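> Predicted model follows, preceded by the sequence.
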Number of protein chains: 2
Amino acid sequence: MEKKVRLLLAEDDENLGLLLKEYLIAKGYDTDLYPDGEAAYKGFTKNQQYNLCILDIMMPKKDGISLAKDIRLLNMDIPIIFLTAKNMKEDVLEGFKIGADDYITKPFSMEELIFRIEAILRRVSQDNSSTENAIYQLGIYTFDSRKQILSGGEEGEVKLTTKEAELLRLLCNNANKVLERNFALKTIWIDDNYFNARSMDVYITKLRKHLKDDPKIEIINVHGKGYKLIL
Amino acid sequence: MEKKVRLLLAEDDENLGLLLKEYLIAKGYDTDLYPDGEAAYKGFTKNQQYNLCILDIMMPKKDGISLAKDIRLLNMDIPIIFLTAKNMKEDVLEGFKIGADDYITKPFSMEELIFRIEAILRRVSQDNSSTENAIYQLGIYTFDSRKQILSGGEEGEVKLTTKEAELLRLLCNNANKVLERNFALKTIWIDDNYFNARSMDVYITKLRKHLKDDPKIEIINVHGKGYKLIL
DNA sequence: ATTAATACTTAACAATATTTAACACAGCCT
DNA sequence: AGGCTGTGTTAAATATTGTTAAGTATTAAT
């Protein structure tokens, strides 16, 4: 499970707005919808913890472009995506000058929007390595990789050792996919030799014990390749 | 050579359904049309080799939403696009909660549909896992390829090894069709040489033993070509 | 009908993974 | 300093997974 991403959505068309909001929430993004530019600005100042803004350009009270300018004054780095009608090239160009990260012309597919959000977040997350401090939801467990704490099992909160936490974090980042042994060894143990590989075995055993209270969570071995965390 | 993309289309309006089907086929998508939700579900379970589902929401026998729910139980990853009348917001919202990937309001243009299909396939092909995490119904058996578990036989739940699961998954994806030896070897063993082919023989034997409790399920050999899983 | 190619099954073998326990080491406390 | 504690490594015994080999059976070709 990924860290919660918070989105600010400014869209005056109620139909489209609600639809987008529901869709984004369903996709795992914690989304707030504002019906016009002013409301969006207030929401942004009040609760300044958004990771990304999606702004319609044509809006009452305050249009998307000037909203973006104001937001930029408060936060230089936050990514902004514009929604714009098909033939509004001038608006788009204006938007990019402010530092928009992307724009989408209406009508657009939901897939396309998600695709761009993910592309931007991927780029941003590389800068401040946000996957290193994520909180993961693993069935009944919650794993805080920064604090190295696994909670939710019968023992309540369990402090993981550094190696345990690093290995579990790698597994979470590759959930339902194969985490290659070599990759994990080079990442955590630096050198991937026979003895470190045995050491890793031991840590896999430890993690399995830690996660035993939820039968749906499993770390399965992929012979000769690595391990797969099943959620 | 590109791999054929297979679409499941569920639409009760015969005119629209046939039109769509013909159009999609003309565009290179291998499309099956089902006239109601129940038929579509049967088609899906029987031959779980679809890459994407396009479901009308209003259909007799089983509506698109509950069809989507049932399909989701079998395959967590397969993309779903809903077709919906313009003023049916609630349905769409409900659909998103299940994990629909996109929706299109009727009436729509064919280009629009193609555009969205392609947008989705582009994303899916990046994290290549649409048929990898499916649940297959094989007679009395249930095969969870993600967890590598085969249940329903006299022994209850049986954990399959990685190779067993990979091979069975390939067979399932080509159910009632020939799975070419070369293809399976290149997919699972990477290299298709004599020794790996012998190894594959051994795994076929193992799978046959695993599936012996249902006489209707059979892995038959197609001499010189490969194997065929009969359901 | 004979032969060659391909497939089937079992068993031996090799490689890899699992688990428990002993060990080494560093930090901390008194 | 001496002992305690937590962390990580090494060792050893066992289990699982995958490959190779060998003998037999089946199918296709001549």
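Received it, and whenever you're ready, just let me know what you need.
> any idea what sits nearest whatever residue of chain A ends up closest to DNA strand D, other than its immediate chain neighbours?
Ranked by C-beta to the nearest atom of the strand, the top residue of chain A for proximity to DNA strand D is A:Thr161, at 2.7 Å. C-betas here are computed from N, CA, C, even on glycine. Of all residues not flanking A:Thr161 in the chain, A:Gln148 sits nearest, at 7.5 Å (C-beta to C-beta, 6 or more residues apart in numbering or on different chains).
> show me what contacts the one you found?
Applying C-beta atoms under 8 Å, 6 or more residues apart in numbering or on different chains, one finds that A:Gln148 lies in contact with A:159-162, A:164-165.
> closest to B:Leu9 among those residues?
Ranked by distance to B:Leu9 (C-beta to C-beta), the contacts of A:Gln148 are led by A:Ala165 at 47.0 Å.
> a helix runs through that closest one, doesn't it?
Yes. With DSSP: H, G, I helix; E, B strand; the rest coil as the criterion, A:Ala165 is part of a helix.
> With adjacent residues omitted, what lies nearest to it?
Nearest one to A:Ala165, counting by C-beta to C-beta, 6+ apart, is A:Gln148 at 4.0 Å.
> Just the pLDDT for that neighbour.
Note on A:Gln148: pLDDT of 93.
> what does A:Asn128 give?
pLDDT, read off for A:Asn128, is 48.
> Let me see the contact set for A:Ala184.
A:167, A:170, A:200, A:226-227.
> same check, this time on A:Glu157
A:Glu157 touches A:149-151, counting by C-beta under 8 Å, 6+ apart.
> Please identify which of the residues you listed is nearest to B:Asp214.
A:Leu150 (40.9 Å).
> what residues does chain A put near chain B?
For chain A, the residues in contact with chain B (C-beta under 8 Å from any C-beta of the partner chain) are A:15, A:18-19, A:22-23, A:26, A:107, A:109-112, A:114-115, A:176-177, A:218, A:220-223, A:225, A:230.
> before we move on, back to that, same list, the contacts of A:Gln148, but as TSV with neighbour count, distance to B:Ile188 and pLDDT please.
Converted to TSV, these look like this (neighbours: other C-beta atoms under 10 Å in any protein chain shown; distance: C-beta to C-beta, whole Å; pLDDT from 0 to 100):
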residue	neighbour count	distance to B:Ile188	pLDDT
A:Lys159	10	41	93
A:Leu160	21	35	95
A:Thr161	11	36	94
A:Thr162	9	36	94
A:Glu164	17	32	96
A:Ala165	21	34	95
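> and which of these is nearest B:Thr205?
A:Glu164 (40.0 Å).
> Can you name the residues that contact the closest one?
A:148, A:203, A:206-207, A:210.
> who wins for most neighbours among these?
Highest neighbour count within the contacts of A:Glu164, by other C-beta atoms under 10 Å in any protein chain shown: A:Leu207, with 21 neighbours.
> separation between that residue and A:Gly43?
41 Å (C-beta to C-beta, to the nearest Å).
> Then A:Asn182?
In terms of C-beta to C-beta, A:Asn182 sits 46 Å off from A:Gly43.
> ok, the two, which is more surrounded?
A:Gly43 (17 against 12).
> What residues does that one make contact with?
Contacts of A:Gly43 (C-beta under 8 Å, 6+ apart): A:8, A:32, A:34.
> would JSON lines of the residues you listed with pLDDT and secondary structure be doable?
Formatted as JSON lines, the contacts of A:Gly43 follow (pLDDT from 0 to 100; DSSP: H, G, I helix; E, B strand; the rest coil):
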{"residue": "A:Leu8", "pLDDT": "94", "secondary structure": "strand"}
{"residue": "A:Asp32", "pLDDT": "92", "secondary structure": "strand"}
{"residue": "A:Tyr34", "pLDDT": "93", "secondary structure": "strand"}
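> Now render these as JSON lines, adding distance to DNA strand D.
Converted to JSON lines, those look like this (distance: C-beta to the nearest atom of the strand, whole Å):
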{"residue": "A:Leu8", "distance to DNA strand D": "39"}
{"residue": "A:Asp32", "distance to DNA strand D": "39"}
{"residue": "A:Tyr34", "distance to DNA strand D": "45"}
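> Assign a three-state SS to the residue nearest to A:Asp191 when sequence neighbours are not counted, would you?
Among residues not flanking A:Asp191 along the chain, A:Leu185 sits closest, at 7.4 Å (C-beta to C-beta, 6+ apart). Following three-state DSSP, A:Leu185 is assigned to helix.
> A:Leu185 and B:Asp191: what is the separation?
From A:Leu185 to B:Asp191 the distance is 25 Å (C-beta to C-beta).
> With neighbour numbers in mind, choose between those two.
Taking other C-beta under 10 Å, A:Leu185 and B:Asp191 do not tie; A:Leu185 has more neighbours (18 against 8).
> domain ranges for chain A?
A:5-128, A:134-230 (automatic domain parsing).
> could you pull out the strands for chain A?
A:5-10, A:29-34, A:52-56, A:80-84, A:102-105, A:135-138, A:141-144, A:149-153, A:156-159, A:178-180, A:218-222, A:226-230 (DSSP state E).
> Go through those strands and find the least confident stretch.
Of all the strands of chain A, strand A:102-105 has the smallest average pLDDT, which comes to a mean of 74.
> So what are the sheet partners of that one and their directions?
strand A:80-84 (parallel) (DSSP bridges).
> got the angle for the strand it pairs with vs strand A:5-10?
With axes from the mean of the first three to the mean of the last three C-alpha atoms, to 10 degrees defining the directions, strand A:80-84 sits at 40 degrees from strand A:5-10.
> Using PDB, write down the CA coordinates of strand A:80-84.
Backbone C-alpha positions of strand A:80-84 (Å, rounded to 0.1, in the frame of the first residue of the first chain) are rendered in PDB as follows:
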ATOM      1  CA  ILE A  80      -0.200  21.800 -11.000                       C
ATOM      2  CA  ILE A  81      -2.300  20.200 -13.700                       C
ATOM      3  CA  PHE A  82      -4.700  22.300 -15.800                       C
ATOM      4  CA  LEU A  83      -8.000  21.200 -17.200                       C
ATOM      5  CA  THR A  84      -8.900  23.100 -20.300                       C
END
